[in-house]
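**Q** What shape does this take:
(one chain, ligands or ions: 1)
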Amino acid sequence: MLTDADRLALADRLRAAERDRKPIPPLVRERPDLTAADAYAIQLVNIRRRAGAVVGHKVGLSSRAMQQMMGVEEPDYGHLMADMRLSETEPADPARYCYPRVEIEVAFLLGADLPGADCTERDVLAATEFFAPSIELIDSRIEDWAISLADTIADNASSAGFVVGAGRVRPGEIDIRGIDAVLHRDGEPVARGRSDAVLGNPVTAVAWLARTVARFGVRLRAGHLVLPGACARAVDAHPGSVFRAEFTGLGDVRLSFAGGAGC
Ligand SMILES: C[C@H](O)CC(=O)C(=O)O
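**A** Take a look at the predicted model:
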């Protein structure tokens, strides 16, 4: 376990990397003793420093496709902040990111608080008001995406932004395990997946999240958004990229990037 001062120093480095868009070497290279508990504490230091509200949470690395892509074997979570919300109509500025990638996810919009340590899949379905189509923009403040589990946890689960499409479907109106999703970049299909790629059922990922955040004194609240994890590989975004994702039964969602230079 790191000391509070060690954690603060690593949080400072990640914060500067994000602010200056200058990625840093993996934290575990310098601190091989960095644990997941240290990393969540570092994540929280930087979340508390940010202006604006927490509007939800994300689960990362909950599908085999993403675990294989990142070389990490277990899920983690991060915070979604109000200023991470992107627009379907306003292009995102690629210069704000280091190595932006786009993922397709079925979003959960919570209509009631979830229980913590005992949360079940039944609780998740009861508390979910709507499912919606979404895209998560992930980014790494660690050089070349060379992340270990602890690196990505400390770096807010590599989250950078999200956009939710207009479609809204209530649980009970759709088989949440059988939603097919396809991501198009510049008109070409570049990734496909099915919602059950996420831990067999995205509802399972949200129940896992509720139980896991409870260990850190956090609850998933009514009005919050939960992204349960990508159901397909993430795809690189470039200046000028235009993405559209289609979800059977849920509708579509778009995200585009302005032209210009990233870091
Ligand atoms: C590295 C990211 O957490 C991946 C992610 O967002 C996902 O798997 O979903």
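**Q** Can you tell me the element the nearest residue to A39 once chain neighbours are set aside falls in?
**A** Spatial nearest neighbour of A39, excluding adjacent residues (CB to CB, 6 or more residues apart in numbering): I153 at 3.6 Å. For the C-beta atoms, the positions are set from N, CA and C on the backbone; glycine is no exception. Assigned by DSSP states H and E, I153 belongs to helix 149-154.
**Q** Distance from that helix to the middle of the chain?
**A** Computed by CA atoms, centre = their mean, to the nearest Å, the chain-centroid distance of helix 149-154 equals 13 Å.
**Q** swap in stretch 241-258?
**A** 16 Å.
**Q** so how far does stretch 172-180 reach from one end to the other?
**A** 17 Å (CA to CA, to the nearest Å).
**Q** For this protein, which residues score under the pLDDT cut-off?
**A** Applying pLDDT under 70 to the chain flags residues 260-263.
**Q** Tell me what the residue in it that the ligand sits nearest to is bridged to.
**A** As assessed by CB to the nearest ligand atom, the ligand sits closest to G60 within the chain, at 2.3 Å. Following DSSP bridges, G60 is listed with bridge partners D76.
**Q** residues near it, how many?
**A** Here the count is done by other CB atoms under 10 Å, and G60 has 29 residues near it.
**Q** Equivalent analysis for P228, please.
**A** Neighbourhood size, P228 [other CB under 10 Å]: 31.
**Q** Thought V206 was touching it, still the case?
**A** Yes. Between P228 and V206 there is a contact under CB atoms under 8 Å: 5.4 Å.
**Q** which residues are in contact with both of those two?
**A** With contacts defined as CB atoms under 8 Å, 6 or more residues apart in numbering, the residues shared by P228 and V206 are 59, 108.
**Q** Give the helix, strand or coil label for A16.
**A** Secondary structure, DSSP: H, G, I helix; E, B strand; the rest coil: A16 is helix.
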